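Novice: Structure, please.
(chains A and B)
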Amino acid sequence: MSNKLIFELYSEGRVGYRFPEQDVPAKPVSEFISGGVKREKAASLPQVAEIDVIRHYTELASKSFGVDAGFYPLGSCTMKYNPKINEDVASFPEFADIHPLQSEETVQGMLELIYKTTESLAEITGMKWGTLQPFAGAHGEYTGMKLFKAYFKKTGDTKRTKVLVPTSAHGTNPASAHISGFDVEEVQADERGLVSVESLKEHLSDEVAGIMLTNPNTLGLFEKDIVEIAKLVHDAGGLLYYDGANMNAIMGKVRPGDMGFDVIHLNLHKTFSTPHGGGGPGSGPVLVGDKLIPFLPVPDVKKEGDTYVLDCSKPDTIGRISGFYGNIGVIVRAYAYILAMGSDGLKKASEMAVLNANYLKERLKATYHLAYDNTCMHEFVLSAETMKEEFGVSALDVAKALLDKGIHPMTIYFPLIVHEAMMIEPTETESKQTLDHFADVMLEIYKKAKDNPEQLKAAPVLTPVKRIDEVQAAKKPVLRWISE
Amino acid sequence: MNIPGDLKYTEDHEWIRVEGSVGYVGITDHAQHELGDIVYVELPEVDMEVEKDEEATSIESVKAAAPVNSPVSGKIVEVNEDLEDEAELINKDPYEAYIFAVELSDPSELDDLMDADAYKEFLEK
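Specialist: Model (predicted):
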């Protein structure tokens, strides 16, 4: 496999096209393009033949890794299979070939789909209504925090400047609260790995706007005290935000709305099987309970008789948070998935996701240290701490060794409350054979760590790029090719 | 694990070396070891007021970003600018590579900190 960039294949005059003979009089470019807009120097585009271009892209494709290429147990990210029927539906010209500036009456089908997707997601989460506009999970969190702000501004309760997050929270939670102008306070986890109700009580006051929680939490454990937590926060005048990152564990089983949450975001690219990774495109719909509906972003899709309309007439809205209506193609895919699965199918998906995670946990826990030994939900966290002490092999080395086996590594060094964390989420779409293969590989890596740690520290050796220098990659990344 | 006897320590793994009314603050050998290769140190601004046990700044390693709390209250009077280009100095010698210096507003706060023996015991717990 060549590691050459397309720029390095350059050969002066080599082209992949031929223009027809010119049959009109020639005119200089400056007659068409004037002033400072015209390039002074030719762009240094690679001069290559068509076959070079094809090989270049084929090679890039063969180097990339996704769910379609192999097992991808990246904890917290729910890398489930993306059914190809979603792609079929999204490519229907009625969805793919419309424009956001078309008039409402010409896009009734799309508006109906937006309306019904919102309705379905509200039903699945136990909320009342929402917006599909946010482009990703963190954008959903930001929208949720704006809703917190707007709510307290309306009620005149403006001294509520603090947002609580548990120590096991996703890093995006404190970041979203902070960027929305709140001060962040951490609530401790107890020995069970769950939110400490005692610690929560100490933090609650009339200055607290609310709490951001993930349930199940980032350790893959269900927050059993959630009803008590919700009551305490509500009694203190605060609101509850649900980070939907781990929704794949509970669909059809329990609903955040019923747990007492006021706002939730979902990650369609996790739970609802739309493509994920490589930077997106993501989608992070936000759903709310009754009291936050007036503040939702505009435009909202409303149904008037048999007609769907875009409604911008919300006096208390937080405004627009997307140029048009979010990553619409992703929303079409998610709706296709919801319809294909049905309510029983979604419930079964969550059951299988939890079963698969518990199966892997049981196969690995006698060998690897299990941070919190309890029945897990859709993911669990192992720790390489003892391994590091005994053999000098870290979570990073285990992750690198998996690359040589054609498996995408699990999430490492997160959550932060577990040292040398390895967070594993198999998802429901993997067979027992795949799970067993992964467990066997993990056990083999452990044996190698014990017998031959130096070999593991050199991994990966079978990938196009070997072990990278992470310090240099973070400090002095080489991001573009520069001609000599 | 290297724990010099002439420093004071916090439970968040910062050390402080007091010279007159100024305390030099860095992170301990244990902390740099846990964080792994440090790639970036955010230096606080000189003249900024800091509170005891409150976040003064943060450092980033290949694994994570971590807050650095000030062990004492006071005003930042100096920052270690060498760390701007060479964050790895903290990995090389965590007790030489201080991050910032604070002019102590209440020297009695030092009494709350651990000495080397207490910190060693704290780590072993």
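Novice: what's the closest non-adjacent residue to A:E425?
Specialist: Nearest residue to A:E425, sequence neighbours excluded (CB to CB, 6 or more residues apart in numbering or on different chains): A:E379, at 3.7 Å. Every C-beta, even on glycine, is put in place using the N, C-alpha and C of the backbone.
Novice: quick one: secondary structure of the closest residue to B:I99 other than its chain neighbours?
Specialist: Nearest non-adjacent residue to B:I99, counting by CB to CB, 6+ apart: B:G26, 5.3 Å away. Counting by DSSP: H, G, I helix; E, B strand; the rest coil, the backbone at B:G26 sits in strand.
Novice: What pLDDT is listed against the residue nearest to A:N374 when sequence neighbours are not counted?
Specialist: Nearest residue to A:N374 in three dimensions, chain neighbours excluded: A:L221, at 6.1 Å (CB to CB, 6+ apart). At A:L221, the model reports a pLDDT of 94.
Novice: try B:D93
Specialist: Value for B:D93, per-residue pLDDT: 95.
Novice: I'd like the distance between it and B:S61.
Specialist: Distance of B:D93 to B:S61, given as CB to CB, to the nearest Å: 16 Å.
Novice: Which pLDDT value goes with the residue nearest to B:I99?
Specialist: Reported pLDDT for B:G26: 97.
Novice: Can you get me a residue count around it?
Specialist: Here the number of neighbours of B:G26 (other CB atoms under 10 Å in any protein chain shown) works out to 26.
Novice: same deal with A:E389?
Specialist: Other residues close to A:E389 by other CB under 10 Å number 10.
Novice: The residue nearest the centre of chain B pairs with what?
Specialist: By CA atoms, centre = their mean, chain B has its centre lying nearest to B:G26, at 2.4 Å. Under DSSP bridges, the beta-bridge partners of B:G26 are B:W15.
Novice: So A:V301 belongs to a strand, correct?
Specialist: Yes. A:V301 sits within a strand when classified using three-state DSSP.
Novice: So A:K466 versus chain B, what's the distance?
Specialist: As judged by CB to the nearest CB, to the nearest Å, A:K466 and chain B stand 17 Å apart.
Novice: Now do the same contact list for the residue lying closest to that residue once chain neighbours are set aside.
Specialist: Nearest residue to A:K466, sequence neighbours excluded (CB to CB, 6+ apart): A:P460, at 6.4 Å. Listed by CB atoms under 8 Å, 6 or more residues apart in numbering or on different chains, the contact set of A:P460 reads A:400-401, A:403-404, A:466-467.
Novice: any idea how far A:K400 is from A:P460?
Specialist: From A:P460 to A:K400 the distance is 5 Å (CB to CB).
Novice: which residues do those two both contact?
Specialist: Counting by CB under 8 Å, 6+ apart, the residues touching both A:P460 and A:K400 are A:R467.
Novice: Look up which helix or strand A:V471 falls in, please.
Specialist: Assigned by DSSP states H and E, A:V471 belongs to helix A:470-475.
Novice: ugh, wrong one, A:K347
Specialist: helix A:328-364.
Novice: need the strands for the chain, in chain order.
Specialist: As the question left the chain open, I've gone with chain A. A:129-131, A:162-166, A:183-187, A:208-213, A:239-243, A:263-265, A:286-288, A:300-304, A:307-311, A:369-370, A:380-383, A:411-412, A:421-424 (DSSP state E).
Novice: ah, I was thinking of chain B
Specialist: B:8-9, B:14-19, B:22-27, B:38-41, B:49-50, B:55-61, B:65-69, B:74-79, B:100-104.
Novice: distance of the nearest residue to A:K159 once chain neighbours are set aside from A:V197?
Specialist: Excluding the flanking residues, the one nearest A:K159 by CB to CB, 6+ apart is A:E207, at 5.7 Å. Distance, A:E207 to A:V197, by CB to CB: 19 Å.
Novice: Of the two, give the one with the bigger neighbour count.
Specialist: Neighbours were counted for A:E207 and for A:V197 using other CB under 10 Å; A:E207 has more, 16 against 13.
Novice: okay, and for chain B, where does confidence drop off?
Specialist: Judged against pLDDT under 70, chain B has no low-scoring part.
Novice: Spell out which residues of it are next to chain A.
Specialist: Listed as neighbours of chain A in chain B under the rule CB under 8 Å from any CB of the partner chain: B:34, B:37, B:39-40, B:60, B:62-64, B:87-88.
Novice: which one in chain A is furthest away from the centre?
Specialist: Most peripheral residue of chain A (CA atoms, centre = their mean): A:P25, 55.0 Å.
Novice: quick one: that residue from chain B, how far?
Specialist: Taken as CB to the nearest CB, the span from A:P25 to chain B is 60 Å.
Novice: Quick check, pLDDT for that residue.
Specialist: 91.
Novice: Compute the number of surrounding residues for residue 37.
Specialist: Going with chain A. When neighbours are counted by other CB under 10 Å, A:V37 comes out with 6.
Novice: Wait, chain B was what I had in mind.
Specialist: Neighbours of B:D37 (other CB under 10 Å): 18.
Novice: same question, A:L355
Specialist: A:L355, neighbours per other CB under 10 Å, totals 15.
Novice: And A:A61, by the same measure?
Specialist: So A:A61, with other CB under 10 Å, has 9 neighbours.
Novice: Next: the one 4 residues further on.
Specialist: Neighbour count of A:F65, defined by other CB under 10 Å: 16.
Novice: list the contacts for the residue lying closest to A:P315 once chain neighbours are set aside?
Specialist: Of all residues not flanking A:P315 in the chain, A:P294 sits nearest, at 7.8 Å (CB to CB, 6+ apart). Shown in contact with A:P294 (CB under 8 Å, 6+ apart): A:154, A:314-317.
Novice: Check which helices and strands the helix holding A:V471 sits against.
Specialist: strand B:38-41 (3 or more CB pairs under 8 Å, 6 or more residues apart in numbering or on different chains; DSSP states H and E).
Novice: The stretch 101-250 of chain A against chain B: which residues are in contact?
Specialist: Residues of the stretch 101-250 of chain A lying near chain B (CB under 8 Å from any CB): none found.
Novice: re earlier: please tell me which one of the contacts of A:P294 counts the most neighbours.
Specialist: For the contacts of A:P294, neighbours tallied by other CB under 10 Å; top is A:T317, 21 neighbours.
Novice: So that residue is in contact with A:V298, correct?
Specialist: Yes. Shown here, A:T317 and A:V298 form a contact pair, counting by CB atoms under 8 Å, at 4.9 Å.
Novice: Now stretch A:242-257: buried residues?
Specialist: A:242-252, A:255-257 (16 or more other CB atoms under 10 Å in any protein chain shown).
Novice: How far off centre is it?
Specialist: Its chain's C-alpha centre and that of stretch A:242-257 lie 15 Å apart, by CA atoms, centre = their mean, to the nearest Å.
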